[in-house]
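Asker: coords below, sequence missing:
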């Protein structure tokens, strides 16, 4: 007997007209292009286990049950004995800079191509990163590398973690609205393999099994929607969870002589428990219900995080298909993850005029960030 097949149905908001809303659409900035970039080298989870000779069954289980197939990584070079060399903090910072510039340049150029724009059109550049610290930051480095106008306005958002993409987009949206007709670009640059510690502990193994390298850029402009179509940015809402401030953090590891990222195992449940609160806050006063949201772009924070958010918000597997696909193909690429999902949704061509969508990121603070958009 052939078992019944599960059919992924679209969210109800995608198959019926959205209701009227008191939200004002005039003067809104819109997302008009997106682009992503990754390093040249990718590895399966089994590849990483083999390369580092990891035999601990607990660690192997973390890697092999992560819902991740492949990640793009820049691993340490091989030494004379064929083993990977232990990188000092200086080498990791150099990796962050070199990979960040390379990926950032390619993501910005891909974004401009998607938007039908040129480098000379950019009036504002916002660079986001949490996987290293540079002075000057990526904004100055990318302006030089790309040969952009030296008078380009810029800002760097550093150290806010996986939620930072929406924090930065809020600022970019504000600049675009006060400079109608001028193009703003945000690029999230995360060389996560520049923040790895290989010490065999479960703490670092969880991090090492999850994050991948990647950059993602989005173009934002407030002008005639007929010129460059794209979803209008309507509203942002933030939710800080002070009692979980230490649940996701960078600590200095004296034994390893470098920073080490920590993820509390309760993070998925803390995030899931607060997801409904922040979404309710976002929709408050709009006349919209959760069922009216046709598209959900949730940060690919990890399998347990995605499942917790999905269950608490009553979402379907179809709703979070791009989130889970990005996790599968790239791992968690930190602040740019939701833009990898947005790029996939844009390529799908299923978003129709009038559709509402929700963007959600989460990270250190502990924080959940959301944005409401309309096509």
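Answerer: Sure, I can see it. As the structure is a computational prediction, the values presented were derived from the model and not from experiment. Numbers count the residues shown, from 1 in each chain.

Asker: next helix or strand past the helix or strand bottoming out on mean pLDDT in the chain?
Answerer: Within the chain, no helix or strand scores below strand 258-263, which has a mean of 69 by mean pLDDT, DSSP states H and E. Counting by DSSP states H and E, the element after strand 258-263 in chain order, helix or strand, is helix 267-283.

Asker: buried ones in that next one?
Answerer: By neighbour count with 16 or more other C-beta atoms under 10 Å, helix 267-283 contains the buried residues 267, 268, 270, 271, 272, 274, 275, 278, 279, 282, 283. From N, CA and C alone the C-beta is placed, and that goes for glycine too.

Asker: what's the closest non-adjacent residue to the second one?
Answerer: What sits nearest to residue 268 in space, not counting adjacent residues and going by C-beta to C-beta, 6 or more residues apart in numbering, is residue 304, at 3.8 Å.

Asker: same check, this time on the third one
Answerer: Distances taken as C-beta to C-beta, 6+ apart put residue 244 closest to residue 270, at 4.9 Å, once the chain neighbours are dropped.

Asker: in contact with residue 176, which residues are there?
Answerer: Neighbouring residues of residue 176 by C-beta atoms under 8 Å, 6 or more residues apart in numbering: 29, 124, 182, 183, 184, 220, 221, 222.

Asker: circling back: and the residue nearest to residue 270, how many neighbours does it have?
Answerer: 19 (other C-beta atoms under 10 Å).

Asker: pLDDT at it, what is it?
Answerer: According to the prediction, residue 244 has pLDDT 85.

Asker: quick revisit: rebuild the buried residues of helix 267-283 as CSV, extending it with pLDDT and distance to residue 337.
Answerer: Shown next, in CSV, are these (pLDDT from 0 to 100; distance: C-beta to C-beta, whole Å):
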residue, pLDDT, distance to residue 337
267, 85, 15
268, 83, 15
270, 89, 18
271, 91, 14
272, 88, 17
274, 94, 19
275, 95, 16
278, 97, 17
279, 97, 18
282, 98, 19
283, 97, 23
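
Asker: out of those, the closest to residue 77 would be?
Answerer: Checking those against residue 77 by C-beta to C-beta gives residue 267 as the nearest, at 32.3 Å.

Asker: okay, and for the stretch 51-200 of the chain, where does confidence drop off?
Answerer: Counting by pLDDT under 70, the ranges of the stretch 51-200 of the chain that qualify are 199.

Asker: can you map out the helices along it?
Answerer: Along the stretch 51-200 of the chain, counting by DSSP state H, counting those that start in this stretch, helices occupy 57-64, 89-115, 138-146, 164-178.

Asker: using TSV, please lay out those together with distance to residue 262.
Answerer: Formatted as TSV, the helices of the stretch 51-200 of the chain follow (distance: least, C-beta to C-beta, whole Å):
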stretch	distance to residue 262
helix 57-64	15
helix 89-115	17
helix 138-146	25
helix 164-178	17
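
Asker: of all those, which lies closest to residue 350?
Answerer: Ranking those by their distance to residue 350 (criterion: C-beta to C-beta) puts helix 89-115 first, at 17.1 Å.

Asker: related to what we said a few turns ago, which among the helices of the stretch 51-200 of the chain is found nearest to residue 255?
Answerer: That would be, of the helices of the stretch 51-200 of the chain and by C-beta to C-beta, helix 89-115, which comes in at 12.9 Å.

Asker: list the helices and strands that closest one packs on?
Answerer: strand 30-37, strand 122-129, helix 138-146, strand 183-190, strand 214-221, strand 258-263 (3 or more C-beta pairs under 8 Å, 6 or more residues apart in numbering; DSSP states H and E).

Asker: reformat those as JSON lines; add mean neighbour count.
Answerer: Formatted as JSON lines, the helices and strands packed on helix 89-115 follow (neighbours: other C-beta atoms under 10 Å):
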{"stretch": "strand 30-37", "mean neighbour count": "25"}
{"stretch": "strand 122-129", "mean neighbour count": "25"}
{"stretch": "helix 138-146", "mean neighbour count": "19"}
{"stretch": "strand 183-190", "mean neighbour count": "30"}
{"stretch": "strand 214-221", "mean neighbour count": "30"}
{"stretch": "strand 258-263", "mean neighbour count": "20"}
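
Asker: any chance of these in TSV, plus distance to residue 336?
Answerer: TSV is the format used below for the helices and strands packed on helix 89-115 (distance: least, C-beta to C-beta, whole Å):
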stretch	distance to residue 336
strand 30-37	7
strand 122-129	8
helix 138-146	12
strand 183-190	3
strand 214-221	3
strand 258-263	17
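
Asker: nearest to residue 373, out of those?
Answerer: Closest to residue 373 of the helices and strands packed on helix 89-115 is strand 30-37 (C-beta to C-beta; 6.9 Å).

Asker: next SSE downstream of the strand or helix carrying residue 361?
Answerer: Secondary structure assignment for residue 361, by DSSP H and E: strand 356-363. Using DSSP H and E, the helix or strand that follows strand 356-363 in sequence is strand 367-374.

Asker: partner strands of that next one, parallel or antiparallel?
Answerer: Using DSSP bridges, the strands paired with strand 367-374 are strand 232-240 (antiparallel), strand 356-363 (antiparallel).
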